[in-house]
Structure formats: C-alpha cells, structure tokens
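# Have a look; sequence and predicted model below, questions after that.
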Amino acid sequence: MTTTNAPEPTTAGQTAVQTFDSFGLDARILRALSEQGYTTPTPIQAQAIPVVLMGKDMMGAAQTGTGKTAGFALPIIQRLLPLANASASPARHPVRALMLTPTRELADQVYDNVARYAKHTDLRSTVVFGGVDMNPQTDALRRGVEILVATPGRLLDHVQQKAVNLSQVQMLVLDEADRMLDMGFLPDLQRIINLLPAQRQTLLFSATFSAEIKRLASSYLKHPVTIEVARSNSTNENVRQMVYQVEDGHKQAAVVHLLKQRAEQGLSRQCIVFVNSKIGCSRLARHLEREGINAAAIHGDKTQTERMQTLDGFKTGTIDALVATDVAARGLDIPDMPCVVNFDVPYSAEDYVHRIGRTGRAGASGDALSIYVPGNDERLLSDIEKLIKRSIPRGKLEGFDPTGERARQGDTERRRERSDVRRARGNGEGEERPRRHDHSANRQVFRASDDPFFSRPYEPSAASVAQAKAADEVAAALTRGRQAPKRPVAALLGGVPRKS
Ligand code: AMP
C-alpha cells in the first residue's frame, strides 16, 4: 500500500556514460578509481552518479555486486570536496555524510570503498558497528570525520555517549534499506533521522521496492528519482537453477554428494551454502569438514574477528564451502561465485533471489542448486517460482531416492535436525531475524507446549555460542541480586511462550 502523500518518483533516464571522466569528477577521485582498476561505470553508477551530483534524493533498486557503493560514494565525495581541509581541529571535520547499513560486514565494506575512493583527498571517514570495542571508534569520532559509515544500533550508542554529533549531516544514505526494515531497525532509523537536519539529501538503496520501502521513502525522501538497474525479483539468465528432491534426513549427505560431484566434474569447489538457522549452519559446516570438504560457518553469533577470518579464508581459497545464513551473507563482497547451494529452501522468496544473485554476475555463468524436502518445502518453492516468474527445473540426485535405502540411514540426521529446530526455537537461536514473509503457516505448526523439551530446565550446550551467551546473561542477572527465576531457565531465553 502506498500512502496518499507518497511522492511520485521520477525515473532516471538511461544515461549512456562510458567513462568516469564524463561525470566531471575531481582528478583526485579519478586517480583513485584508476588505481582500483575501474575503467567503465556500472549501470547503477551511470545512472546514480549524475542524480546524486545534482543534489537530488534518490531511490535505487540495486543489490550488492552491482557497484552501487561507488554509485553513491563517488558523488558524495565529490560534493564534499569543497569542505575538505587538512586542519587538525575536530570542529573542522563534522559528520557531513552518514551511511547506514544493516550489517557489520556491509558497513565495513562500504567504509573500505569510501576510504579507497577518498584516499587522495583530505576528507576523513570511519566506520562504527557493534560487536567490537567502542573505544577506538570513539577516538576516531572525536578526532572528526566527514563521512561516517555505521550500523544503526552502534551509532545510537555513540550518540548517547556524545561521541558524535549529527546536526551537520547533509547527506544520508540508507543502504540495503529493505534488510534494515527486516531486521527491525525502523525505530532506530527513526531516532537517528530525528537527529539530522531536515534539509538534507537522502539516498535509499534496496533490493526491491516493497510497499514498506515505498512508505519509508515517502516519509524520508523528497521527490526522489528512482533508479532500477534490473527488474525487481528477476533472476539472472546466466544462472542455471535446479532443485533436487531429497528425503528429510538426507540433506547433509545430499550436499556432500553435490559438492563432491562438482569437484569430480572438474568444476570449481568454491560455493556458498545457505542455511536458514545459525545452529544448522554450524552443524553443516562441521559435517562438511568431516567429509573432507574445507568448510566454515558464518552467521550472526560469530565474532567480528571470526567472520573476517572466515571471509579471508574463503577469498584466499583455503575455504571451499562458505556455509552462511542470509543475514551474515547479505552484503558480503564476495567475487562472483560459480555455485550457490540452498541447503534449506529460504522462508522468503526474496531471499532466494538474493542468495542466487551471488552467482552469474557480470555475464559469468553459475549454478544455483537447491535441495528440498517433499511435503515440507513445496509451498516455499512455489512462492519462489511465482516471484521469479519461472519454474525451476527438477533434477535427480542419484542415490537420494526418497523411498530408497538412504531413507532408513537418514533417521539419525533427521532426528538431529528436528532437535535443532526445537532448540533453535526454544532459545531464540534459529533464524537470525524476524521474517516478514514467514510462511510458517504453510509448515507444520510447532507448539512449544507439545514438546517435553520445553518443560525441562535449560541444559546449556557447549556447541552453542548463543546458548552460552544467554546463560551468561541469566547468571549476571542472578549475581546482580535479582530474584532467582521461578520458571525454567529456558523460559528466560524465550523458550516458553506466554500462556494466552
Ligand atoms: P558493490 O555492489 O558496491 O558492493 O560493488 C561490488 C564490487 O564491484 C566491489 O568489489 C567493487 O570494488 C567493484 N566495482 C564497483 N564499481 C566498479 C567498476 N566501475 N568497475 C569495476 N569494479 C567495480
């Protein structure tokens, strides 16, 4: 639903710019670009840069991998150049451009790009995100920066500590705004925007222009120009999509089989394997390792250092299979992948588009392979096919006939997976974010009260970082002298729903 006062955006024309020079960018920026090896603007850059240079608000439908960061960062740097100065005084370096991103990884990448593009100028930039020590961030903020990249929560922490003042922000970028909404950042966004001058330029990037995004745009943007580089929810023609039916309990073995088969066929071993839950993510990575596949898990409970190490290992090729949840993988600047595997069919059809968008970039070809469990996942698959407006071919995985011998062998895995689901739901360690498009109604409805797991006290598991953290919190609460919990500890961790 679009609100009645929603601005009617104008769509940018297809500007045929072939070089960065033709935008009129400063020689210092052009030098940085040529050092980066950029010769030709990408389509989003060709369209966005002139619009941003003119000072207009903009809504861009573009995903990570399209070059959108330079699309907003270059013109922002250009517009700030007249204010650049080499003074040591923090007062001469107020925050003038604020770039908000939903995840730490994306914040770090955006900052990395900004720093490279601005390296020959006197403009200062820094990044602040959660999960790491605040002090070095505070120091950088206190010294003064013109361009600040941040995740919303940590930015508000710094605001509260008066380490940063946002009253001189002239340009605001909401990067991956759809994901920020999905992750529940709307109240934080609202608080941050209240601290900014009303007179400013606002740029919003989102993979899709959902009704919620349009609503957000209508409150924060003024007469935005809309730019779309690809049809929303379209999938790349170069990507060979395939789904394989696998009996519940055989999914791990099926993924091992798929990956080994690719290696035998001489195809690249590198792939991203997507999993819906954090605990399932760790478990699958361990299983792949046991099966001789170099794998590592990346999800929201990993520390920032662990994530960076994993990503480095993947980029340098010591890790072949990056097992990831959607939130962790979103925004990662990973070069074109030859293959994406969906271990779990995503609950949201849009996530499927994001996931497989990791492969087949820039005209390369890629494989997007999904496994699904008959009876569980058909509805999700049909939602995906509706969204992408095509049917995905069904392939056969030899030896994984749902009625064959493996069905019996798979009982252990199936039991483990089910217990994962119970644990995950009980301890809030399942999906990494609330799902707007949760189709759980189509899945078997799970009621905690049906399961004896929830009436037992919580038993901490060494394997689960989240559980340990939550248990720590409970312990801390008790040490602070609060009354001992009467309900089982699982309840404190969100495991037992309130009786209605
Ligand atoms: P982004 O979508 O902004 O995350 O960019 C994806 C990747 O493309 C990053 O590694 C950028 O460094 C790279 N990139 C961005 N613009 C260009 C360009 N015009 N030419 C070559 N590479 C680019």
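Here it is on my side, so go on.
# Is the ligand within reach of stretch 187-204?
No. Stretch 187-204 does not reach the ligand (Cβ under 6 Å from any ligand atom); its nearest approach is 13.2 Å. In this view, the C-beta of every residue, glycine as well, is placed from N, C-alpha and C.
# mind checking how far that stretch is from the chain centre?
Chain-centre distance of stretch 187-204: 22 Å, with Cα atoms, centre = their mean, to the nearest Å.
# Just the buried residues of that stretch, please?
By 16 or more other Cβ atoms under 10 Å, the buried positions in stretch 187-204 come out as 188-189, 192-193, 196, 200-204.
# Do I have it right that T66 meets P41?
No. Look at T66 against P41 with Cβ atoms under 8 Å: they stay out of range, at 11.1 Å.
# if we can go back for a sec, quick one: mark the members of the buried residues of stretch 187-204 that sit in helices.
188-189, 192-193 (DSSP state H).
# Could I get the buried residue list for stretch 308-317?
By 16+ other Cβ under 10 Å, the buried positions in stretch 308-317 come out as 310-311, 314.
# coming back round to it: now, which of the buried residues of stretch 187-204 sits nearest the ligand?
Closest approach between the buried residues of stretch 187-204 and the ligand, by Cβ to the nearest ligand atom: L203, at 13.2 Å.
# Find me the pLDDT at that closest one, would you?
Confidence at L203, expressed as pLDDT, is 98.
# Now do it against V173, distance only.
Remark: distance between L203 and V173 (Cβ to Cβ, to the nearest Å) = 5 Å.
# residues shared between the contacts of these two?
Common contact partners of L203 and V173 (Cβ atoms under 8 Å, 6 or more residues apart in numbering): F72.
# quick one: which of the buried residues of stretch 308-317 is nearest to the ligand?
Using Cβ to the nearest ligand atom, L311 is the member of the buried residues of stretch 308-317 that lies nearest the ligand, at 12.9 Å.
# Show the pLDDT at the closest one.
The predicted structure scores L311 at 85 on the pLDDT scale.
# A476 too?
Here, the pLDDT recorded for A476 equals 42.
# Next, the contact list for the residue nearest to L166 when sequence neighbours are not counted, please.
Leaving aside its chain neighbours, L166 sits nearest to L195 (4.5 Å; criterion: Cβ to Cβ, 6 or more residues apart in numbering). Residues in contact with L195 (Cβ under 8 Å, 6+ apart) are 159, 166-167.
# ok, now L141?
126, 128, 148, 158, 163-164.
# circling back: max pairwise distance over the ones in helices among the buried residues of stretch 187-204: which two?
Spatial extent of those (Cβ to Cβ) is set by the pair D188 and I193 at 9.6 Å.
# how far does stretch 142-150 stretch from start to finish?
One end of stretch 142-150 to the other measures 15 Å (Cα to Cα, to the nearest Å).
# what does stretch 108-124 give?
End-to-end distance of stretch 108-124 (Cα to Cα): 15 Å.
# Quick one: mean pLDDT over stretch 365-376.
Rounded mean pLDDT across stretch 365-376 is 90.
# what does stretch 50-61 give?
Stretch 50-61 shows a mean pLDDT of 96.
# what does this structure put close to the ligand?
Neighbours of the ligand within the chain, by Cβ under 6 Å from any ligand atom: 38, 40-42, 45, 64-70, 333.
# Could you tell me which of these are located in helices?
Counted as lying in helices by DSSP H, out of the residues of the chain next to the ligand, are 45, 68-70.
# hang on, the earlier thing: as CSV, the contacts of L141 with secondary structure, neighbour count and pLDDT would be great.
As requested, the contacts of L141 are arranged in CSV below (DSSP: H, G, I helix; E, B strand; the rest coil; neighbours: other Cβ atoms under 10 Å; pLDDT from 0 to 100):
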residue, secondary structure, neighbour count, pLDDT
T126, strand, 22, 98
V128, strand, 26, 98
L148, strand, 26, 98
H158, helix, 19, 98
A163, coil, 18, 97
V164, coil, 26, 98
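# Which of the residues you listed sits closest to D367?
Closest to D367 out of the contacts of L141 is V128 (37.6 Å), distances taken as Cβ to Cβ.
# Could you list which residues are in contact with that closest one?
Contacts for V128 were tallied using Cβ under 8 Å, 6+ apart; they are 107, 137, 141, 148-151, 154-155, 158.
# do the same with H287
Contacts of H287 (Cβ under 8 Å, 6+ apart): 252, 256.
# can we see that at 7 Å?
Q252 (Cβ atoms under 7 Å, 6 or more residues apart in numbering).
# Now do it against A295, distance only.
Separation of H287 from A295 (Cβ to Cβ) stands at 8 Å.
# so what's the backbone phi/psi at V275?
Dihedral angles of V275 (phi, psi; degrees, to the nearest 10) stand at phi -130, psi 150.
# That one touches D344, doesn't it?
Yes. V275 is within contact range of D344, at 5.5 Å (criterion: Cβ atoms under 7 Å).
# For the two, indicate the residue with more neighbours.
For the pair V275 and D344, the greater number of neighbours falls to V275 (27 against 24), based on other Cβ atoms under 10 Å.
# Could you find the closest non-adjacent residue to the more buried one?
Once flanking residues are discounted, V275 sits nearest to C281: 4.3 Å by Cβ to Cβ, 6+ apart.
# burial count for the one you found?
For C281, the neighbour count with other Cβ under 10 Å is 27.
# what about it, which SS state?
Following DSSP: H, G, I helix; E, B strand; the rest coil, we place C281 in the helix state.
# Distance-wise, check it relative to the ligand.
Counting by Cβ to the nearest ligand atom, to the nearest Å, the separation of C281 from the ligand is 23 Å.
# Break the protein down into its domains, please.
Following the assignment in automatic domain parsing, the chain carries domains at 2-228, 239-395.
# Point out where the stretch 301-450 of the chain drops to low pLDDT.
Applying pLDDT under 70 to the stretch 301-450 of the chain flags the ranges 330-336, 361-364, 401-450.
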